[in-house]
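Q: need coordinates for the below:
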Amino acid sequence: MTRQSNEPPSKWRWVSLGDLAPQSDAFVDGPFGSNLKTEHYTASGVRVVRLQNIGRGTFLDNDRAFVSPEHFADLMRHSVLPGDVVVASLGDGARPAGRACLIPADFGQGLVKADCFRLRLPQEIIATTYLVYFMNSPQCLTRVAEIMRGATRPRVTLGMLRTLSLPLPPLSEQMRIASWLDEAHIAVERARAAAEVRYDAALQLRSACVTALFEGRDAMVWPRRKIGAIARVVGGIQKSPGRAPVSFHKPYLTVRNVQRGFLDFSEVERFEATSEEHAKLRLLPGDLLIVEGNGSIDQIGRNALFEDESGEWIHQNHVIRVRTSQEIALPRFLSHYLNSRFGMRQMIEKAQTTSGLYTLSVGKVADLEVPVPSLAAQEQALANLECQLKRVDRTTMAADVELSAVRDLPRTLLRQAFSGEL
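A: Purely as a prediction, here's the structure:
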């Protein structure tokens, strides 16, 4: 069935969820207040369905909670069984309010917690798989977002849920649509996995190109020098309440801004500084900025080049500035080396402390050894490398576009399904 309209076919009827099952026990919410507290949870027993278990069409079984059979006996009104539909009343990170899934066949008996709803509708009228697909469709989730209420954390209530309307074709058509979506989602998942492999391979190819430069035959004979001998290495200005912008404030770069190989200017703050501090610490084109510490060991020492010519910018004390003597070492050559696995390994070794933490310092950065071939050799190596990286970037961009398109497919399929276009 192919249609140009966004409306379902005329033989479908619109109904509210409440009209499908007017009886009170068809829609059940979780127990509130004193009925289910932290101290009621046990190591085993009867399962509890919580917000974090409800995915968009998938029951997420990696976060389990239980109550004792005795406590469950007091909460039978909130019970769930395999095949029941559960709906989230609140958003949970990237997952929106109104998302729904089925209780899996091997779940056994359980109960829903507060902020979760259980729907048990007559299956001779509506197929549960069709209902779950509709609840997760863009049309339904948009409507849920429109009707939610709450100042600090908007939510949907059982009353709102009953008023939701859905297009209802004959039961045989519901089952055909649900079956088609099942098969389509399996195909989409395979395509997504394949696209992720291609995207990851493209990212690794970039790293491989940089690594190849510094482990090639020529690189084995390049002389090595300490950074402190070929560059000025300085720390930045410590952030404090007294640095709030007043009269002589400058944009400054923090650890958040310095990524591996690029600067992220999406969030930039301003520092109050003295004219003397600005004269000493202002950033110039070609300055190499190195992160001194990070909670993740593989992010320690990540660096990027600064290329703005305004002379306005300064940097935080957790970012170390390296300004090379450019008649000896090209900043971009040095940046590529420090972002290679060889540079990263050396920085991790330097960063380790006796207490088991990892942090760099001005002195440790100055003590790093880097390859310093002739300027002509650096220029040639950079020209070759950046030619390779341009090709890699085109491959990565194509893989990213493909992956984004595949990730959008489920929403497109659901939108078509409930517009009568399948």
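Q: wait, what's in contact with the closest residue to Glu277 other than its chain neighbours?
A: Residue nearest to Glu277 in three dimensions, not counting chain neighbours: Ile237, with 6.3 Å by Cβ to Cβ, 6 or more residues apart in numbering. All C-beta atoms are positioned from the backbone trio N, CA, C, and that covers glycine. With contacts taken as Cβ atoms under 8 Å, 6 or more residues apart in numbering, Ile237 has the following neighbours: Arg243, Tyr252, Phe271, Ala273, Glu277, Leu281, Ile314, His315, Gln316, Asn317.
Q: mind checking which of these land in strands?
A: Judged by DSSP state E, the contacts of Ile237 include Tyr252, Phe271, Ile314, His315 as members of strands.
Q: what sits against Gly311?
A: Residues touching Gly311, when contacts are defined by Cβ under 8 Å, 6+ apart, comprise Arg282, Leu283, Leu284.
Q: wouldn't the last one be in contact with Thr324 here?
A: No - using Cβ atoms under 8 Å, Leu284 and Thr324 do not qualify as a contacting pair, with a distance of 11.2 Å.
Q: who has more neighbours out of the two?
A: Set side by side, Leu284 and Thr324 give different neighbour counts by other Cβ atoms under 10 Å, the larger being at Thr324 (22 against 14).
Q: for Arg95, see how far away the more buried one is.
A: 47 Å (Cβ to Cβ, to the nearest Å).
Q: before we move on, back to that, name the nearest of the contacts of Ile237 relative to Asp63.
A: Gln316 (36.9 Å; Cβ to Cβ).
Q: report the beta-bridge partners for the closest one.
A: Following DSSP bridges, Gln316 is listed with bridge partners Ile237.
Q: counting neighbours, what do you get for it?
A: What Gln316 shows, counting by other Cβ under 10 Å, is a neighbour count of 22.
Q: cool, and Glu327?
A: For Glu327, the tally of surrounding residues (other Cβ under 10 Å) stands at 8.
Q: skipping adjacent residues, who's closest to it in space?
A: When the adjacent residues along the chain are set aside, Glu327 lies closest to Leu375, with 7.1 Å between them (Cβ to Cβ, 6+ apart).
Q: ok, that neighbour - contacts?
A: For Leu375, counting by Cβ under 8 Å, 6+ apart, the contacting residues are Glu327, Ile328, Leu330.
Q: tally up the residues packed near the second one, please.
A: A total of 14 residues lie near Ile328 under the criterion other Cβ under 10 Å.
Q: would you map the helices across this structure?
A: Per DSSP state H, the chain has helices spanning 17-20, 69-73, 128-135, 138-147, 158-163, 171-215, 227-230, 275-281, 331-338, 341-351, 362-366, 375-417. These are given in chain order.
Q: what comes up buried for stretch 272-290?
A: When neighbours are counted by 16 or more other Cβ atoms under 10 Å, the buried residues of stretch 272-290 are found to be Glu272, Ala273, Glu277, His278, Leu281, Arg282, Leu283, Gly286, Asp287, Leu288, Leu289, Ile290.
Q: distance to Arg302 and pLDDT added to the residues you listed, as CSV?
A: Putting the buried residues of stretch 272-290 into CSV (distance: Cβ to Cβ, whole Å; pLDDT from 0 to 100) gives the following:
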residue, distance to Arg302, pLDDT
Glu272, 27, 92
Ala273, 25, 92
Glu277, 25, 91
His278, 25, 92
Leu281, 20, 91
Arg282, 22, 93
Leu283, 17, 95
Gly286, 18, 95
Asp287, 15, 96
Leu288, 11, 97
Leu289, 9, 96
Ile290, 8, 95
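Q: hmm, Gly301 is touching Ile348, no?
A: Yes - here Gly301 lies in contact with Ile348, judged by Cβ under 8 Å, at a distance of 7.3 Å.
Q: kindly state the domain boundaries assigned to this protein.
A: According to automatic domain parsing, the chain is divided into the following domains: 13-168, 169-199+376-422, 223-372.
Q: who wins for proximity to Ser207 among the ones you listed?
A: domain 223-372 (7.3 Å).
Q: which among the contacts of Leu375 gets closest to Gly45?
A: Once Cβ to Cβ is applied, the member of those that ends up nearest Gly45 is Leu330, at 65.3 Å.
Q: state the pLDDT value of that closest one.
A: Note on Leu330: pLDDT of 96.
Q: which residue packs closest to it, ignoring adjacent ones?
A: That would be Gln378: by Cβ to Cβ, 6+ apart, it lies 4.8 Å from Leu330.
Q: likewise for Gly55?
A: Nearest residue to Gly55 in three dimensions, chain neighbours excluded: Cys101, at 5.7 Å (Cβ to Cβ, 6+ apart).
Q: what's the separation between the one you found and His71?
A: 25 Å.
Q: pull the most distant pair out of the ones in strands among the contacts of Ile237.
A: With distance counted by Cβ to Cβ, no two of the ones in strands among the contacts of Ile237 lie farther apart than Phe271 and His315, which are 9.1 Å apart.
Q: between the two, what contacts are shared?
A: Between them, Phe271 and His315 share the neighbouring residues Ile237, Tyr252, with contact defined by Cβ under 8 Å, 6+ apart.
Q: quick one: low-confidence parts of the stretch 251-400 of the chain?
A: Confidence mapping of the stretch 251-400 of the chain against pLDDT under 70 gives the ranges 294-295, 354.
Q: rerun that using 90 as the cut-off
A: Residues of the stretch 251-400 of the chain that meet the criterion pLDDT under 90 lie in 260-261, 271, 292-301, 325-326, 339, 341-342, 350-359.
Q: buried residues in stretch 92-108?
A: The neighbour-count check on stretch 92-108 (16+ other Cβ under 10 Å) flags Asp92, Arg95, Pro96, Ala97, Gly98, Arg99, Ala100, Cys101, Leu102, Ile103, Phe107 as buried.
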